[in-house]
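Engineer: okay, sequence plus prediction incoming.
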Amino acid sequence: MSLSHEIAKDLLDIKAIQIKTDNYFTWTSGLKSPIYCDNRLTMSYPAIRNKIVRGFAEIIENMEIKPEVIAGCATAGIPHAAWLADELNLPMVYVRSKPKGHGKGNLIEGHVEKGQRVVVIEDLISTGGSSIEAAQGLINEDAEVLSVLAIFTYGLEKSVEAFSDAKLDFDTITNYEEVLSLLVENGTISGEEKEKLQDWRNDL
């Protein structure tokens, strides 16, 4: 079993990812969705979070140019960035969603040098907006962002376009297709339901 498949199973097992083929969830944006993803739950499961660190480390091992700093997106990317930075023995920073409202007004917490190569860690990529903003914050400080890495992506076309427009690379450990294949494999959904779930995603 691939690590991508294994982590998809783990996320379903702990209900970090839930799928409903009817009675859709409502996202914060108001969008009705058959999938709900809360990867913050992985913090409470050491074996799973260790696999996630391994997944990120494997992606980095396969990168031609290696990072010098690991950056976490506030808030859900921070713990995974910290564990990964510890595993790789690299410096870590995190990027706020907006500058701190007092003190020095920092957007980036921690120290990153101009020109340093950075990988940005996020828990989830939906439209890509928050991840791209975090990466841009680092770029504005003259860091070189190699890639944005996340645990999971819905695989929305608008996220692919957004990263392309921002001239940023991204990768994920597992994804929506992997989850759907696993749900068919274990009999939770039918092939017809899988097509319905794929159509929902493709129509967004």
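Structural biologist: Nice, I can see it.

Engineer: pretty sure Lys158 sits against Leu204.
Structural biologist: Yes. With contact defined as CB atoms under 8 Å, Lys158 reaches Leu204; the gap is 7.1 Å. Yep, even glycine has a C-beta here, placed from its N, CA and C like the rest.

Engineer: which helix is the longest one in the chain?
Structural biologist: helix 46-61 (DSSP state H).

Engineer: show me what the mean pLDDT comes to for it.
Structural biologist: Here helix 46-61 scores 98 as its mean pLDDT.

Engineer: report the distance from that helix to the chain centre.
Structural biologist: In terms of CA atoms, centre = their mean, to the nearest Å, the centre of helix 46-61 is found 12 Å from the chain centre.

Engineer: all helices for this protein, in order.
Structural biologist: With DSSP H as the criterion, the chain has helices spanning 3-13, 46-61, 78-88, 129-139, 157-165, 176-185, 191-203.

Engineer: need those in a markdown table with mean neighbour count and distance to Glu68, can you?
Structural biologist: Putting those into a markdown table (neighbours: other CB atoms under 10 Å; distance: least, CB to CB, whole Å) gives the following:
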| stretch | mean neighbour count | distance to Glu68 |
| --- | --- | --- |
| helix 3-13 | 19 | 25 |
| helix 46-61 | 17 | 11 |
| helix 78-88 | 20 | 10 |
| helix 129-139 | 20 | 12 |
| helix 157-165 | 14 | 22 |
| helix 176-185 | 18 | 30 |
| helix 191-203 | 13 | 35 |
